[in-house]
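Visitor: No sequence on hand, only this structure:
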Ligand SMILES: [Zn+2]
């Protein structure tokens, strides 16, 4: 599978997968550049829930949507709670959470749709975005997988919901595991290392021990869960960029001690005439 790439449009920098665009789905992950927010949210903060000026966030979202050829009214956002609830999205949800937090879909961390033009949207500052695209059944999905969501296997559950609800075949599904905190920076305490080691006992090389510290590789954990769920290795595309290591391009909850902005992840089925 062709790899992800950086793209720049109208001063907005984002990661995308050109091959998916050719096959009918646009996936994008924003960097922090090209927006209007002030420190510590400088400058393309996409998150309304972090204490930034709401009108700045809405302007940033408009800019990101314009760069990806969408509109604010097509965004659907959820109130991410690090859980494992998955919502099926239709046209009636268009615009929810785009301009204000209150209308975002409650208690949800993953969304799936078969409606072209709906932009499933989630927000990040270290958690891992997991994108899905079935080019045969024309389905897209997006899952927010931090360590809690990874423990709950939200990416795998999202893929299984695509199979049960939309008759997707595992061999058709493509997935992209995006930027996030990688094993270089994701130090965890002994207690969490025990829990993760126990939950994922059948997986290999997901926790590394170095200088008295455990480091959890969330990306490898998600990758191995998806492979076990039946995704084909050559349909799995992985971005190794660490949000904590790359301060120029990304916000990082851990690096910035919680006081920071959010990147946006979007995926949409392209409308074809
Ligand atoms: Zn790192």
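Guide: Right, received. Where do you want to start? Everything numeric in this text was worked out from a predicted model, so none of it was measured. Residues are numbered from 1 along each chain as shown.
Visitor: Near the ion, which residues of this structure are found?
Guide: 184-185, 242, 244-245 (Cβ under 5 Å from the ion). In this view, the C-beta of every residue, glycine as well, is placed from N, C-alpha and C.
Visitor: ok, now with 6 Å
Guide: 182, 184-185, 242, 244-245 (Cβ under 6 Å from the ion).
Visitor: Put together JSON lines for the residues you listed, with pLDDT and neighbour count on each row.
Guide: Below are those laid out as JSON lines (pLDDT from 0 to 100; neighbours: other Cβ atoms under 10 Å):
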{"residue": "182", "pLDDT": "98", "neighbour count": "23"}
{"residue": "184", "pLDDT": "97", "neighbour count": "13"}
{"residue": "185", "pLDDT": "98", "neighbour count": "16"}
{"residue": "242", "pLDDT": "98", "neighbour count": "20"}
{"residue": "244", "pLDDT": "98", "neighbour count": "20"}
{"residue": "245", "pLDDT": "97", "neighbour count": "15"}
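Visitor: could you dump the residues you listed to a markdown table with secondary structure?
Guide: Below are the residues of the chain next to the ion laid out as a markdown table (DSSP: H, G, I helix; E, B strand; the rest coil):
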| residue | secondary structure |
| --- | --- |
| 182 | coil |
| 184 | coil |
| 185 | coil |
| 242 | strand |
| 244 | coil |
| 245 | coil |
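Visitor: Check those against residue 253 and report the nearest one.
Guide: Distances from residue 253 to the residues of the chain next to the ion, taken as Cβ to Cβ, are shortest for residue 244 (8.6 Å).
Visitor: The closest one reaches residue 254, doesn't it?
Guide: Yes: between residue 244 and residue 254 there is a contact under Cβ atoms under 8 Å: 5.4 Å.
Visitor: Which neighbours do the two have in common?
Guide: Taking Cβ atoms under 8 Å, 6 or more residues apart in numbering as the contact rule, residue 244 and residue 254 both touch 126, 181, 185-186.
Visitor: for stretch 63-77, how far is the first residue from the last?
Guide: Stretch 63-77 has an end-to-end distance of 16 Å (criterion: Cα to Cα, to the nearest Å).
Visitor: can you give me the offset of it from its chain's centre?
Guide: In terms of Cα atoms, centre = their mean, to the nearest Å, the centre of stretch 63-77 is set 16 Å apart from its chain centre.
Visitor: Buried ones among the shared contacts of residue 244 and residue 254?
Guide: Neighbour counting by 16 or more other Cβ atoms under 10 Å classes 126, 181, 185-186 among those as buried.
Visitor: Same list, those residues, but as CSV with secondary structure please.
Guide: Below are these laid out as CSV (three-state DSSP):
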residue, secondary structure
126, coil
181, coil
185, coil
186, coil
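Visitor: Starting from the helix or strand hosting residue 120, tell me which strands it pairs with and how they run.
Guide: Assessed by DSSP states H and E, residue 120 sits inside strand 119-124. The strands that strand 119-124 pairs with in its sheet are strand 75-77 (parallel), strand 263-269 (antiparallel) (by DSSP bridges).
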